[in-house]
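1. The amino acid sequence is not available; the structure is as follows:
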């Protein structure tokens, strides 16, 4: 079935540093891919998504490109802020398309 | 503003108690989910429902049951709470287009 693997954390960065969080997937076909973010004390919210190969999702300065050749959907941001400190989850639908499967999450901590 | 609302942010229950976690969504979504979130394990799917009175087991259904009597409400039931069910529980809903899943704020359950 479908699965997703993302880099383990925590990731600790200084403000204005470049961020990459790696995500690779295994899937039948070409499902939509998602990044969700969980701020402290809150539930998850959609950060960005891509629905087909070579699509780039973007939001709040974050970007991720759907790469079918490398089965990857890495999250990047050119200059992180303290307010970006959160847990980030890569996700895709299960094979039946009935639910989302999530990676284990990567904790990002940004200091000023 | 669309919403998924979980009835409690924090719960403390005793071992052996029957526990009800309630979730309500106001988006008229067909699909609703219960996930469990644990450090290092990410989100794991407990149960989901694609219609009123319909339910499907997820990856870790043991020790849990669910109820969906109305479209907007999805309840998770711990028949006899145990300490290994201490966790963060997240409810989510997903419309027919399956473009974005919306999450509640989570219920942190402690079983003592």
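-> Yep, it's here. This is a predicted model, so every value here is computed, not measured.

2. give the contact list for residue 6.
-> Unless you meant another one, I'm taking chain A. A:21, A:22, A:23, A:24, A:88, A:89, A:90, A:103, A:104, A:105, A:106 (C-beta atoms under 8 Å, 6 or more residues apart in numbering or on different chains). Every residue, glycine included, has its C-beta placed from N, CA and C.

3. wait, chain B
-> Applying C-beta under 8 Å, 6+ apart, the residues near residue B:6 are B:21, B:22, B:23, B:89, B:90, B:91, B:104, B:105, B:106, B:107.

4. still on that earlier bit, show me the one in the contacts of residue A:6 that has more neighbours than the rest.
-> Neighbour counts for the contacts of residue A:6 (other C-beta atoms under 10 Å in any protein chain shown) peak at residue A:90, which has 29 neighbours.

5. partners of the helix or strand hosting it, with directions?
-> Counting by DSSP states H and E, the element that carries residue A:90 is strand A:86-93. With DSSP bridges as the test, strand A:86-93 is paired with strand A:33-38 (antiparallel), strand A:100-102 (antiparallel), strand A:106-111 (antiparallel).

6. among these, which gets the worst mean confidence?
-> The minimum mean pLDDT among the strands paired with strand A:86-93 belongs to strand A:100-102 (a mean of 93).

7. Check the strands paired with strand A:86-93 for me and report the most buried one.
-> Neighbour counts (mean count of other C-beta atoms under 10 Å in any protein chain shown) averaged over each of the strands paired with strand A:86-93 peak at strand A:33-38, with a mean of 25.

8. just checking, residue A:43 touches residue B:88?
-> No: assessed by C-beta atoms under 8 Å, residue A:43 is found out of contact with residue B:88, at 9.4 Å.

9. who touches both of those two?
-> Counting by C-beta under 8 Å, 6+ apart, the common neighbours of residue A:43 and residue B:88 are residue B:106.

10. so what secondary structure elements neighbour the helix or strand bottoming out on mean pLDDT in chain B?
-> Across the helices and strands of chain B, the lowest-confidence element by mean pLDDT, DSSP states H and E is strand B:101-103, at a mean of 92. Strand B:101-103 sits against strand A:44-50, strand B:87-94, with contacts defined as 3 or more C-beta pairs under 8 Å, 6 or more residues apart in numbering or on different chains; DSSP states H and E.

11. Name every strand pairing with it and say which way it goes.
-> strand B:87-94 (antiparallel).

12. residues in contact with residue B:48?
-> Residue B:48 neighbours (C-beta under 8 Å, 6+ apart): A:98, A:99, B:31, B:32, B:33, B:34, B:55, B:56, B:58.

13. if I look at the nearest residue to residue B:31 once chain neighbours are set aside, how far off is residue A:6?
-> Leaving aside its chain neighbours, residue B:31 sits nearest to residue B:94 (4.1 Å; criterion: C-beta to C-beta, 6 or more residues apart in numbering or on different chains). Between residue B:94 and residue A:6 the computed distance is 21 Å (C-beta to C-beta, to the nearest Å).

14. With residue A:33 instead?
-> Distance from residue A:33 to residue A:6, by C-beta to C-beta: 11 Å.
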